[in-house]
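Predicted model follows, preceded by the sequence.
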Amino acid sequence: MAILVTGATGRVGSRFVPRLLRGGEPVRVLARDPRRAELLGRLGAEVVIGDLRAAGTLADALEGVDAVVHLGAAFRDVPDKEAVAVNHTATVELAEASLRAGVSRFVHVGTTLVYGNGRGRPARESDEPAPPGWAYTTSKVAAEKTLLRLHEAQGLPLCIVRLAFVYGEGDPHLAESLHWAGDWPPHKRLHLVHHADVGQALLRVLRADGVDGEIYNVADDAPVTYLELQNLNGEPGTAGTAGDRSFDDPWEGIVDTSKIRHELGFRPIYPTVYTAEAAGAL
């Protein structure tokens, strides 16, 4: 199975593609910067240089491809217009081009942030998204809805994977959390998933039968508190302050992973951040 990966030079993609290559399947990556893609090329990936937003690039990138893993996204520190252009418009164009190319699997990688506020329990895939009003989350929800319509109306072989907060393998994401979580109360929790488990989940979804139209949450087994985040980052634990951020629901940001466990056999390699720490995998 020949697989195209977008966003391959990003934090998730640069760690996922080498895992995919170890499986021996042909891998093509779409990248804007040839220097950032150079290592993936040396590892054996076929590199197509181009922009996800350029329609002419998509046809070349998809030629002869059996499956797509769409990791490309615009997240923090980008204008709202760019977030919408990448996360919604370009994503839909990629899906439509994939339909024309006849791919057999289109994996759209999203975020558990789309659930928004808590529901008094862990969020399930069947819950209606209620994203906070950030361009990133609203554009991701808009893309998901359009992709699901393409699945229902035109048969897009879609599977959506919603990732919790990704960390590990030298990714600075865990340390960066302190920059935006500084006004959290010490007991507010963050649900995590290690890069190794992101890779495991994506591989399972790529190879599974009967997942078209399905959505899966991917996270570990033990969300951590803000106090634990401080300790993990070598910062002295403080009492913290709730600031102007709501903490009405202790389940805010926590997701239910029973679906991917029961249907695809997913079990976290690193069920807690402490197992990753003990293994030297942070």
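All right, it came through fine. Residues are numbered from 1 along each chain as shown.

From here on, just use CA atoms for contacts and neighbour counts.
Will do.

N117 in helix, strand or coil?
coil (DSSP: H, G, I helix; E, B strand; the rest coil).

can you give me phi and psi for the closest residue to it other than its chain neighbours?
Closest residue in space to N117, ignoring its immediate chain neighbours: E252 at 5.4 Å, by C-alpha to C-alpha, 6 or more residues apart in numbering. For E252, the backbone dihedrals (degrees, to the nearest 10) come out as phi -60, psi 130.

so who does E252 touch?
By C-alpha atoms under 8 Å, 6 or more residues apart in numbering, the contact set of E252 is G116, N117, G118, R119, G120, P122, R189.

go with 10 Å
Each residue near E252 by C-alpha atoms under 10 Å, 6 or more residues apart in numbering is listed here: 113, 115-123, 188-191, 246.

how near is it to G168?
For E252, the distance to G168 equals 23 Å [C-alpha to C-alpha, to the nearest Å].

and what of E144?
Taken as C-alpha to C-alpha, the span from E144 to G168 is 27 Å.

Could you do Y115 as well?
Y115 is 23 Å from G168, where distance means C-alpha to C-alpha.

between those two, which one's more packed in?
Between Y115 and G168, Y115 has the larger neighbour count (other C-alpha atoms under 10 Å), namely 25 against 21.

Which secondary structure state does the closest residue to that one other than its chain neighbours sit in?
The shortest distance from Y115 to any residue other than its chain neighbours is 4.6 Å, reached at P129 (C-alpha to C-alpha, 6+ apart). Using three-state DSSP, the structure places P129 in coil.

next one: P236
With three-state DSSP as the basis, P236 sits in coil.

which residue packs closest to it, ignoring adjacent ones?
In space, and not counting its chain neighbours, P236 is closest to Q230: 6.5 Å by C-alpha to C-alpha, 6+ apart.

Doesn't the one you found belong to a helix?
Yes: per three-state DSSP, Q230 lies within a helix segment.

which residues touch it?
Residues in contact with Q230 (C-alpha under 10 Å, 6+ apart) are L174, A175, S177, L178, A181, G182, P186, P236, G237, T238.

Out of those, give me the one that has the most neighbours.
The residue in the contacts of Q230 with the most neighbours, by other C-alpha under 10 Å, is P186 (20 neighbours).

Does it touch L227 like I think?
Yes: P186 lies in contact with L227 (C-alpha atoms under 10 Å); the separation is 4.8 Å.

Let me see the ranges of the helices in this structure.
Using DSSP state H, the helices of the chain run over 13-22, 34-43, 55-62, 80-84, 91-101, 135-154, 173-180, 195-207, 226-232, 258-264, 273-278.

L30 bridge partners, please.
Judged by DSSP bridges, the bridge partners of L30 are T6, V48.

Quick one: buried ones out of the contacts of E252?
L113, Y115, G116, N117, G118, R119, P122, A123, K188, R189, L190, H191 (16 or more other C-alpha atoms under 10 Å).

okay, these in CSV with distance to E82 next?
What follows is those, written out as CSV (distance: C-alpha to C-alpha, whole Å):
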residue, distance to E82
L113, 19
Y115, 22
G116, 22
N117, 25
G118, 28
R119, 31
P122, 31
A123, 28
K188, 31
R189, 30
L190, 27
H191, 27
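
Now pLDDT too, for the residues you listed, in JSON lines please.
Listed next are these as JSON lines, based on pLDDT from 0 to 100:
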{"residue": "L113", "pLDDT": "96"}
{"residue": "Y115", "pLDDT": "97"}
{"residue": "G116", "pLDDT": "92"}
{"residue": "N117", "pLDDT": "87"}
{"residue": "G118", "pLDDT": "85"}
{"residue": "R119", "pLDDT": "88"}
{"residue": "P122", "pLDDT": "97"}
{"residue": "A123", "pLDDT": "97"}
{"residue": "K188", "pLDDT": "91"}
{"residue": "R189", "pLDDT": "94"}
{"residue": "L190", "pLDDT": "96"}
{"residue": "H191", "pLDDT": "98"}
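
Just name the closest of those to T91, please.
When the buried ones among the contacts of E252 are compared for distance to T91 (C-alpha to C-alpha), L113 comes out closest, at 17.9 Å.
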